[in-house]
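**Q** I'll drop the sequence and a predicted model, then ask my questions.
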Amino acid sequence: QNKPTIYVLATGGTIAGSGTSETSSTYTAGGLTADQLIQAVPAIDKIANIKSEQIANIGSQDMNQEIWLQLTNRINDLAKNPDITGFVITHGTDTQDETAYFLNLTIKTDKPVVLTGAMRPSNALSADGPRNLFNAVACAASPTSKAKGVMIVMDDFILGADDIQKSHTLTMGSFSNPNFGPLGIMYNEQPMFFRQSLKKHTTESIFDVKNIKQLPKVAILMGYADADDMFIKAALEHKIEGIIYAGVGNGNMSTKVINTLSKAVQDRQLSVVRSSRLPLGPTTQWDEIDDDKLGFTTSWFLSPQKARILLMLALTKTNDYKEIQKYFTEY
Ligand SMILES: NC(=O)C[C@H](N)C(=O)O
């Protein structure tokens, strides 16, 4: 029939998980296959032909760069097939923001790529997975979803990868674009878009991971009152190339932390990106810290975990902090 073909790549998560009963909070993420997830939503057949593939079947707390690279390379390859309209990735919610942002920077297609997941396991009373999967397929099937960057569809909202945040440990409605608002909503089997990100992504992104087997090593460390530099020293022993420091307030750091980090910038060209432990607002340059003097970069609106992804990709190109700072304003 004349329906769009959507390619579903399944990776596990609570959407594929099963609980000990339909009302218990005890469950294991992952388990159900891509085919089982799709068969549980017969309404999908009305709107799309589905092809599917099992990439992994894990809780997303175990997501890793091998799977990221596999997803990127597979989608870039499949996107050349004119019969495929768009892609849906089922994924655990814990690190969905990271995978979405990684793909946003490394996928080279205008075709819609939509991630979805669930907060309740597949056999829970009022499980959210089936509706989310239906909406994700409907979003990926629509021509209006093209060239919008990688999106996440959860709880009827369409969310952009650069601002996506999981903000509640337990309940549905956990996902939002907290700084700039959602891109749109799913309504009546169709996406309705109200906003679009101006950040570079997908076809405009310069990051190409086709020949990359191992990404540069970057760690995240968090600031707090009376922060010591012991974790920085420990990280430096592991041949780390970059540190994202999730500082207090506007990416601030204790004097001890600043001194140890700036010494590592000078002595061994460590790349340091200041970010914030706060959920909202940018980490701006030059407020209380002289970034140019120290050779530091700031993450602007990226959360520490997304700043880590951009820094890993940036380090495949350069370790010049000015160039890296440019990336943090563009992506
Ligand atoms: N709601 C979920 O999907 C949580 C689960 N731990 C996961 O990320 O796979």
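**A** All right, it came through fine.

**Q** Could you chop this protein up by domain?
**A** Per automatic domain parsing, the domain ranges recorded for the chain read 5-204, 218-330.

**Q** quick one: which helix or strand includes I50?
**A** Using DSSP states H and E, I50 falls within strand 49-58.

**Q** Residues touching that strand, excluding its own?
**A** Outside strand 49-58, the residues within contact range by CB atoms under 8 Å, 6 or more residues apart in numbering are 1, 3-13, 16, 29-31, 33-35, 38, 44, 67, 70-71, 74, 84, 92, 137. The way it works is simple: take the backbone N, C-alpha and C, and place the C-beta from them, glycine included.

**Q** could you redo the last one with a cut-off of 7 Å?
**A** 3, 5-12, 16, 30-31, 33-35, 38, 44, 67, 70-71 (CB atoms under 7 Å, 6 or more residues apart in numbering).

**Q** same deal with stretch 273-286?
**A** 165, 167, 178-179, 222-223, 242, 244-251, 289, 291, 296-304, 307, 311.

**Q** Now do the buried residues in stretch 313-330.
**A** By neighbour count with 16 or more other CB atoms under 10 Å, stretch 313-330 contains the buried residues 313-315, 321, 324-325, 327-328.

**Q** mind listing which of those residues are in helices?
**A** 313-314, 321, 324-325, 327-328 (DSSP state H).

**Q** thinking again about what came up before, what strands flank the strand holding I50, and is each parallel or antiparallel?
**A** strand 5-12 (parallel) (DSSP bridges).

**Q** So which bits of the strand it pairs with are buried?
**A** 6-12.

**Q** any idea how far P121 is from the residue of the chain found nearest the ligand?
**A** Relative to the ligand, the nearest point of the chain is G92 (2.0 Å; CB to the nearest ligand atom). From G92 across to P121, the span is 11 Å (CB to CB, to the nearest Å).

**Q** picking that back up, out of the buried residues of stretch 313-330, which one sits closest to A161?
**A** Ranked by distance to A161 (CB to CB), those are led by L313 at 13.5 Å.

**Q** I figured the closest one hits F102, correct?
**A** No - under the criterion of CB atoms under 7 Å, L313 makes no contact with F102, lying 8.1 Å away.

**Q** Around the ligand, pick out the residues from this structure.
**A** Within the chain, the positions lying close to the ligand (CB under 6 Å from any ligand atom) are 13-14, 29, 59-61, 92-94, 117, 119.

**Q** which among the residues you listed end up buried?
**A** Buried subset of the residues of the chain next to the ligand (neighbour count, 16+ other CB under 10 Å): 13-14, 29, 59-60, 92-94, 117, 119.

**Q** any shared contact partners between G92 and P121?
**A** In terms of CB under 7 Å, 6+ apart, G92 and P121 are both contacted by the residues T14.

**Q** got the contact list for A314?
**A** Neighbour list for A314: 324, 327 [criterion: CB under 7 Å, 6+ apart].

**Q** cutoff 8 Å now
**A** So A314 contacts 271, 323-324, 327 (CB under 8 Å, 6+ apart).

**Q** again, but for M186
**A** Neighbour list for M186: 135, 138-139, 153, 156-158, 192 [criterion: CB under 8 Å, 6+ apart].

**Q** Then F180?
**A** By CB under 8 Å, 6+ apart, F180 lies in contact with 160, 163, 195, 197.

**Q** Recalculate using a threshold of 7 Å.
**A** Neighbours of F180 in contact, by CB under 7 Å, 6+ apart: D163.

**Q** For it, which three-state class applies?
**A** The local conformation at F180, judged by DSSP: H, G, I helix; E, B strand; the rest coil, is coil.

**Q** quick one: it from F301, how far?
**A** Here F180 is placed at a distance of 8 Å from F301 (CB to CB).
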